[in-house]
Each structure stands twice: as C-alpha cells, then as structure tokens.
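[1] the following comprises the amino acid sequence and a computationally predicted model.
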Amino acid sequence: MNKLKLAIASLFVFAIVNIVQAQNASLTIIPQPNQVTLKPGTFKLSPNALSYIKGFKNKPISIDQFARQVISQVKKGNTVDKNQKVTLTLQTNAPIIQDGYQLNINANGIQILSSNERGIFYGLQTLAQLIAGAKDNALPFVEIKDEPRYKYRGLMLDVGRHFFPMEFIKSYIDVMAAYKLNYFHWHLTEDQGWRIEIKKYPKLASIASGREGTLLNHLKDKEHLYDNVPYKGYYTQEEVKEIVRYADSKYITVIPEIELPGHSLAALSAYPEFGCGDNPGPYKAEMKWGVFEDVYCAGKESTFTFLQDVLDEVLVLFPSVYIHIGGDESPKARWKVCKHCQKRIKDNQLKDEHELQSYFVQRIEKYLNGKGRKIIGWDEILEGGLAPNATVMGWRGVKGGMAAARQNHDVIMVPSSHLYLDHREAVSTEEPLTISYGPTRHSSLKNVYFFNPSIDTLEADKQKYIIGVQANLWTEYIKTPAKARYHLFPRIYGLAEIAWTKLENKDWESFSKIRVPKHLQAYDKTGEMYRVPEVIGVENKVYTGKEFEFTLQPSVNGAKVYYSLSGYTPTEMDNLYTKTFKVTVPVGEERQLKCVVITPSGKRSIVTTAVLSNKATSK
C-alpha cells in the first residue's frame with residue numbers, strides 16, 4: 001500500500017511539473033518566470049490601450065515612456081476586449097523583493113504590481129514578450145509571480161582592445177534590459193587603448209587612446225601579422241554621461257573598470273613617469289594581445305596621485321557604488337628590480353611582491369571607500385591578502401570565487417570556462433577567428449545554460465556571498481558590432497536564465513527547442529548578425545547500426561533544414577527536410593549525414609555531421 005501511495009504521489013508530482021513546464025513553454029518568455037499560472041480565456045489588447053500608473057509620488061518618466069512603447073507593439077486589429085488598460089501599481093509594502101513583480105492578465109485588463117520601480121519595469125518587459133508572442137493580439141489569461149534568483153546580473157563589454165560606437169553601446173544596453181540584466185560592466189582601459197577622457201590628463205585621450213596597428217591573426221600562431229593601420233578611439237566625458245543616463249533609463253547600473261596595476265601600457269605610453277625606475281619608458285600601446293611586464297610602479301607616490309586624480313573624475317561620471325579596479329594579470333618582474341617598489345616593500349614590512357600588489361589594491365580601495373564607493377576586482381586580488389571590503393569576480397574557474405566567499409566577501413561568478421562569450425561556441429573550422437585555440441576550447445549555449453553560480457560544493461552558510469553572475473565579452477578578436485552580436489546571440493539568453501530563474505524552474509528542453517527558436521525568429525527579422533545554432537535532432541557523433549531514423553527541427557522558427565548524404569556540405573540545392581526520414585546503411589559501410597539550418601534572412605548554421613556506421617555490425 002505504501003509503495004502504491006508513493007507511486008501515485010510521484011505520478012502526481014510528475015504531472016504537475018509537466019503541466020507547469022508546458023504552461024511556461026507556451027509563453028516563450030526568456031528568462032523563464034519563476035511562477036506561472038495559465039487560466040482559461042484570452043484578452044485582446046488594442047494599440048490604443050491606456051496605461052495607468054499608481055502609487056508613485058511622481059510618475060517615473062522611464063516607466064511611462066516604456067509602457068507606451070510596449071503597448072504600441074500591439075498590431076492593429078478589428079476586435080478588442082473591454083477594459084483596455086494596463087495598470088502599473090507601486091505598493092511599497094507588498095511582499096515582493098527588489099526587482100520582483102506580479103503580472104495578471106484577465107477580463108479586467110492587465111495589472112502589474114511591485115514594491116519597487118524596477119520591478120514594474122521588469123513586469124513590462126515580460127508583457128512586451130507576451131505581446132510579441134501573441135496571435136491576433138490575444139494575450140492568455142495568466143498570473144505571473146516572478147523574482148530574480150540573483151541581485152547582480154551582469155554583462156561586460158571590453159572597449160579597450162576594440163572601440164565600439166555609441167549606437168552599439170546603447171543597443172547592447174537595450175538587449176540587457178530586455179532580458180532583465182541590471183549591471184553593465186564597461187571595461188574602459190587596457191594595454192591596447194585608453195577609452196575615457198580625463199580632463200586633468202589630456203594625453204590619455206590624445207596619445208593613450210591610440211596604437212600603431214593591430215594583430216591580424218591569432219596570438220598563438222608562429223608568425224604574427226599586423227595591419228599597421230593606426231587605431232584610435234575614446235569616449236568624451238559628455239558621451240560617458242549620455243551612456244550612463246541611457247542605462248539609468250533602462251534600470252541598468254554602469255560599472256566602469258579602470259585597470260590597475262597591470263594592463264596599463266596605454267596609460268604609460270602617455271605618462272611614462274608612472275612606470276618603474278628613475279627614467280622609465282618610452283612605452284607604446286600594444287598591437288597584440290596578452291600579458292605584459294610593464295605595469296604601474298607601486299613604489300612611487302606619484303602613481304597613486306595620478307590614479308586618485310583619474311578616479312576622482314570617474315566618480316563624477318559614474319554614480320555606481322561599485323568601481324571595478326581590475327587587479328588581474330599583473331606581472332611582478334618590474335617590481336622585483338625597481339628600487340622604488342623594493343623600498344615600499346621594506347618600509348611597509350611586506351613579505352614579497354604579491355603583498356605589494358595587495359598593498360596597491362587595498363590603498364586604492366581605502367581611497368574609494370572614503371568616497372562612499374566599493375571596489376570590484378578579478379580574483380587575483382586574493383593574492384597577498386584580500387582587500388577588506390572588496391567584491392571578487394571569480395574568472396579563473398570557480399575556485400577563486402569560492403575562496404573569497406569563504407572569507408565572507410561578496411562574489412560574482414564569471415568563470416572563463418562557461419561565461420566568456422568571446423570563446424567560440426563550437427569546435428569547427430566554420431567558426432570565425434576567436435580567442436579560443438586548440439581542439440576543444442569552446443563555450444556552447446548549453447554550457448552557459450547549465451552553469452550554476454551557486455557551486456554545490458560551497459558550504460551552505462557561505463552561499464549567501466554569491467550575489468550574482470556575469471558574462472564577459474572580451475574583444476581581442478572582435479572588432480565590429482556584427483561580430484560582437486555573433487558572439488552575444490543566443491548565449492545571452494542562457495546568461496539571462498541562469499541569472500534570473502531558480503534552478504527548479506529551468507527547463508533545457510523548453511529553452512532550447514521552443515523559446516530560443518522563437519526569440520531568434522524575431523531577431524532574424526531585424527537583419528542583425530547572430531549565430532544560428534546547429535540543427536536540433538542530430539549531433540556531431542558516430543551512430544552505429546543498420547537503419548537510422550531522424551526527426552529534425554530548425555534552431556530558428558521559420559528557418560529550413562537542408563541535408564545531404566553525399567559527404568559534401570549541404571546547400572539549398574540539396575534535400576529539404578520536411579518530415580521524419582530513415583537512412584539504411586549497407587553492412588560494412590558508413591554514410592555521413594550533414595545538416596545545415598538556413599534562416600529567412602539567409603544566415604546559416606555551421607554544418608552538423610553525423611557518421612552513420614554499419615561497420616561494427618559487419619564484424
């Protein structure tokens with residue numbers, strides 16, 4: 001009897017989970033809301049519907065404008081329901097956490113409730129996706145109760161290696177907002193270029209923002225090729241202010257990164273006196289990528305004066321509590337032979353150059369703390385002792401982040417193994433040149449999706465220090481907006497889901513086969529670049545047997561799948577997939593099934609090759 005009860009209970013739970021997943025999948029929302037209850041009925045919305053904003057002392061302009069924008073997406077139709085209103089209510093005592101919201105669609109119209117302004121904004125983002133997915137403007141009756149898994153949900157853009165125009169930065173922010181990401185990490189300084197105007201040090205713009213040329217091929221190639229074309233670019237302070245204002249209107253905080261003590265060659269090219277030694281330099285901004293031995297001198301007081309002056313201007317431009325100071329990949333070779341650095345070590349009774357780096361970081365942190373700000377640094381700032389109030393970004397796997405959490409420091413997980421979007425998505429010669437090198441290094445959409453920032457092996461009482469997750473887009477090999485988008489889409493969807501959706505509500509099948517194809521269908525219509533995922537239903541592997549059956553699905557809704565059995569790359573002139581098919585392979589032989597997805601805009605996936613082998617049977 002107990003076994004029977006257990007079996008019935010298990011079936012009930014399984015059925016409930018399937019119903020919930022089916023409901024969620026039918027809405028095609030990314031990131032997946034954490035509680036969805038679909039109800040019988042639909043509400044037909046009109047583009048002339050009115051928005052009502054309640055509970056605010058002063059109507060937020062951003063909310064009002066975005067509500068109008070969302071409603072304007074509705075297509076004109078002949079029939080609409082009564083109660084054409086979208087009611088946005090701020091109720092500060094509602095039991096809803098920061099960024100959370102409740103969205104209800106019923107016969108009385110559409111209601112979004114939150115205890116905070118950002119929650120209202122995210123409710124509108126969900127409504128926008130519902131409108132985009134609706135047929136004949138019919139929105140399902142639904143009740144959504146949603147809140148983020150993490151308070152920090154970030155995306156980084158490196159503009160030090162390659163400079164990106166203002167229009168692209170704004171579109172980057174738009175995409176972040178659409179998928180409920182709330183921190184834009186702006187990597188502004190590098191060995192290859194300084195990208196922000198500092199009034200007190202004008203040569204940072206006139207000299208440090210340029211380099212003599214750029215590496216054309218891969219850093220690990222035996223022979224380096226350069227274009228020898230001068231490269232230059234920086235953002236004026238007015239442009240920075242414009243980006244910060246724009247991000248704020250999307251409820252995104254911009255975190256600037258000013259690298260120190262390493263990755264500073266561009267700055268030293270303009271102000272060599274801040275390098276090691278009595279007569280340092282000359283320096284040049286680097287044309288290639290990597291880690292370089294010339295860094296800021298940690299022994300000279302003038303170095304700290306310079307950096308504090310720079311940070312003073314940065315703080316005026318960026319209201320963010322967080323200021324990222326880098327702290328990664330800073331070689332100690334120059335410090336070991338610099339009399340100023342060695343004197344600093346001796347005077348402060350430091351053990352070695354690692355403790356000197358800790359001194360450097362902690363001194364900058366103390367300065368910023370005095371200005372009411374907090375620092376974020378890469379996990380190298382753990383070396384030599386962690387700055388007391390620092391937040392750590394764990395990028396070298398997860399060990400650094402876990403070590404920081406065990407020392408009771410806030411941690412943002414950004415492991416290069418999963419969340420470096422500059423890595424290729426697949427090991428294929430069809431992929432463009434990326435920082436990935438070798439036969440295996442890549443990070444697929446699936447790899448992103450299944451990363452859990454709250455590492456299982458971290459002690460339960462330390463989990464609270466994992467405050468969020470971030471993906472990084474480094475741009476050594478990404479010099480155009482088109483290539484940036486290729487690396488960003490569709491992996492940003494995976495980032496959004498791991499940042500927002502609780503583990504128990506994630507569903508890879510729904511995500512990869514229903515929601516991502518739907519979102520990419522909409523994105524394909526924009527004409528912008530993105531990476532078309534491989535065909536669904538077959539993999540790059542060896543299948544053994546005599547007879548094989550394949551049911552395929554395009555990775556983008558509205559796209560077509562073409563396949564060949566000739567061993568050659570399929571084109572539009574080959575077999576168009578229309579239904580499940582079988583392949584019979586004679587004994588002792590193999591066939592190669594090659595498939596490609598081609599979208600309505602003409603974009604192609606890389607080829608998937610399945611080897612169908614009947615050789616094992618012949619043995």
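    That came in fine, so what should we check first? Numbering: from 1, shown residues only.

[2] where does the residue lying closest to Ser171 once chain neighbours are set aside land on pLDDT?
    Excluding its sequence neighbours, the residue lying closest to Ser171 (Cβ to Cβ, 6 or more residues apart in numbering) is Pro481, at 7.8 Å. (Glycine included, C-beta is placed from N, CA and C.) Note on Pro481: pLDDT of 98.

[3] roughly how far apart are Pro481 and Ala496?
    Using Cβ to Cβ, to the nearest Å, we find Pro481 at a distance of 20 Å from Ala496.

[4] ok, the two, which is more surrounded?
    Ala496 (23 against 18; other Cβ atoms under 10 Å).

[5] helix, strand or coil for that one?
    Assigned by DSSP: H, G, I helix; E, B strand; the rest coil, the conformation of Ala496 is helix.

[6] just the one 3 residues further on next, same as before
    At Ala499 the chain is in helix, as set by three-state DSSP.

[7] how about the nearest residue to it, chain neighbours excluded?
    Per Cβ to Cβ, 6+ apart, closest to Ala499 is Arg153, 3.8 Å.

[8] just give me the neighbour total for the one you found.
    26.

[9] so who does it touch?
    Residues in contact with Arg153 (Cβ atoms under 8 Å, 6 or more residues apart in numbering) are Lys180, Leu181, Asn182, Tyr183, Gly468, Val469, Gln470, Ala496, Ala499, Trp500.

[10] adding distance to Asn389 and pLDDT, write the residues you listed out as CSV.
    As requested, the contacts of Arg153 are exported to CSV (distance: Cβ to Cβ, whole Å; pLDDT from 0 to 100):
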residue, distance to Asn389, pLDDT
Lys180, 28, 98
Leu181, 25, 98
Asn182, 21, 98
Tyr183, 18, 98
Gly468, 17, 98
Val469, 21, 98
Gln470, 19, 98
Ala496, 29, 98
Ala499, 24, 98
Trp500, 27, 98
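
[11] nearest to Asp328, of these?
    Gln470 (14.3 Å; Cβ to Cβ).

[12] partner residues bridging the residue lying closest to the closest one once chain neighbours are set aside?
    In this structure, Gln470 finds its nearest non-sequential neighbour in Gly154, 3.4 Å apart by Cβ to Cβ, 6+ apart. In this entry, Gly154 is beta-bridged to Tyr183, Gln470, by DSSP bridges.

[13] model confidence score at Gly154, please.
    Among the per-residue scores, Gly154 shows a pLDDT of 98.

[14] doesn't Thr391 make contact with it?
    No - Gly154 is not in contact with Thr391 according to Cβ atoms under 8 Å; the separation is 11.3 Å.

[15] picking that back up, the residue nearest to Ser171 and Pro165 touch, don't they?
    Yes - judged on Cβ under 8 Å, Pro481 makes contact with Pro165 at a distance of 7.4 Å.

[16] ok so, going back, how close does the residue nearest to Ala499 get to Glu353?
    Taking Cβ to Cβ, one finds Arg153 at 36 Å from Glu353.

[17] and for Asp294?
    Counting by Cβ to Cβ, the gap from Asp294 to Glu353 is 15 Å.

[18] then Tyr367?
    21 Å.

[19] higher neighbour count, those two?
    Glu353 (23 against 16).

[20] how near is the more buried one to Phe306?
    Applying Cβ to Cβ to Glu353 and Phe306 gives a distance of 21 Å.

[21] before we move on, what about Ala496?
    Taken as Cβ to Cβ, the span from Ala496 to Phe306 is 39 Å.

[22] which helix or strand contains Val561?
    Here Val561 sits within strand 560-564, counting by DSSP states H and E.

[23] all set, thanks.
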